[in-house]
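S.K.: Any chance you can model this:
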Amino acid sequence: MRVDVEILDGGLSTALEEVGADIGGPLWTARTVVDSPGLLEEAHRRFVTAGARVITSASYQCGTHEFARLGLSESEARRALSSTIDVARRATAGTDVRVAASVGPFGAVLADGSEYTGRYDVSREIVERYHREKLEVLVDSGADLLAVETIPLAAEACVIAEILEDLGAPPAWFSFGLASARSTYGGDDPRSAVAGIAGYANLVAVGVNCVHPAVVDAMIDDLGDLAPDAGLIAYPNLGRLWDAGTREWSGDVTDPFAIERIAEWIRRGVTMIGGCCGVGPSDIARLVAVVKPPVA
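M.R.: Residues are numbered from 1 along each chain as shown. Below is the predicted model of the structure:
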């Protein structure tokens, strides 16, 4: 099927583990920016080689304060956050692959699985301050767009959209984490969550990520109806569940890139497809082969 679909990368943590990087600790993939930027660059490059057209930075689970906890000064912490884009740029050098600055939910920075529950137990002001400080750096980092991803709460998505509007409304996609077609990970109605940011001035795409592939199957039509002027984006995980206590994924694997499934997503209007946790470079290469098979 040769169609105009933009292929995203997969799970950065998966690629980093494949190249031998240590991603333990609360900073997760972002730790490699300080400890092993060469391995981070190699992990990104493997997705580029696999055929991804968008590479997402290692900034998902951290802001400047988290880098500061490593002993960096305020200015060094800001540079470290910005350098997540620089490393991705090095991996895409000589290509036209785009770099997206990852903006995860506040729950991700807690490193306790809160992005899968939406239960932060903090004030709106704390969540807003975290995102504003982070976004001020990432908007000026030179990324091609922002990937606002795995958001479990409708209100948090609106906070991020409002901050981005204040900062000039750079191009961004918004993708939500959903427990099912009826509920975000934080318990909100997915339709309301999408409707809350559908009017963002520079909305590149709206969709879901780090969800069971079957959730994508169930939600595509709703998402398209709510944001008809934006693209649709889907990058599921392997259908497994995250256990914050053991810090492991459990459950059976579901193939997100079966030919019939991808064909149906495209038929229903999905324009950006990739993978999340557990999806490595070889999986993205397989997706590329499904979407854009070689011409005989």
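S.K.: Identify the residues contacting the spatially closest residue to residue 194 that is not a sequence neighbour.
M.R.: In space, and not counting its chain neighbours, residue 194 is closest to residue 226: 4.6 Å by Cβ to Cβ, 6 or more residues apart in numbering. In this view, the C-beta of every residue, glycine as well, is placed from N, C-alpha and C. Contact analysis of residue 226 by Cβ atoms under 8 Å, 6 or more residues apart in numbering lists 191, 194-195, 198, 206.
S.K.: among the helices and strands of this protein, which has the poorest mean pLDDT?
M.R.: For the chain, using mean pLDDT, DSSP states H and E, the weakest element among its helices and strands is strand 241-243, scoring a mean of 55.
S.K.: what secondary structure does the residue nearest to the spatial centre of the chain sit in?
M.R.: Nearest residue to the geometric centre of the chain (Cα atoms, centre = their mean): residue 149, 4.3 Å. Residue 149 falls in the strand class when you classify it by DSSP: H, G, I helix; E, B strand; the rest coil.
S.K.: Read off the pLDDT value for it.
M.R.: The per-residue pLDDT reported for residue 149 equals 97.
S.K.: again, but for residue 5
M.R.: The score at residue 5 is 92. That number is its pLDDT.
S.K.: Pull the number of nearby residues for it.
M.R.: Look at residue 5: counted by other Cβ atoms under 10 Å, it has 21 neighbours.
S.K.: Isn't it up against residue 267?
M.R.: No - between residue 5 and residue 267 no contact is recorded; they are 11.2 Å apart, counting by Cβ atoms under 8 Å.
S.K.: In terms of helix, strand or coil, where does residue 43 fall?
M.R.: Per three-state DSSP, the local secondary structure of residue 43 is helix.
S.K.: Which pLDDT value goes with it?
M.R.: 96.
S.K.: Distance-wise, check the nearest residue to it once chain neighbours are set aside relative to residue 201.
M.R.: Taking Cβ to Cβ, 6+ apart, and ignoring the residues beside it in sequence, residue 43 has residue 15 as its nearest neighbour in space, at 3.8 Å. Distance, residue 15 to residue 201, using Cβ to Cβ, to the nearest Å: 33 Å.
S.K.: Among these two, which residue is more densely surrounded?
M.R.: Each of residue 15 and residue 201 had its neighbours counted (other Cβ under 10 Å), and the higher figure belongs to residue 15 (26 against 12).
S.K.: Give me the phi and psi for the residue nearest to residue 43.
M.R.: Comment: the main-chain dihedrals of residue 15 come out as phi -70, psi -40, following degrees, to the nearest 10.
S.K.: How about the one 4 residues further on?
M.R.: Listed backbone geometry of residue 19 is phi -100, psi 10, with angles given as degrees, to the nearest 10.
S.K.: got the contact list for it?
M.R.: Counting by Cβ under 8 Å, 6+ apart, residue 19 touches 39, 42-43, 46.
S.K.: So which of these wins on neighbours?
M.R.: Comparing those by number of neighbours (other Cβ under 10 Å), residue 43 comes first, having 32 neighbours.
S.K.: right, and that one touches residue 23 too?
M.R.: No - taking contacts as Cβ under 8 Å, residue 43 lies outside contact range of residue 23: 9.9 Å.
S.K.: joint contacts of these two?
M.R.: Joint contacts of residue 43 and residue 23 (Cβ under 8 Å, 6+ apart) are 16, 32.
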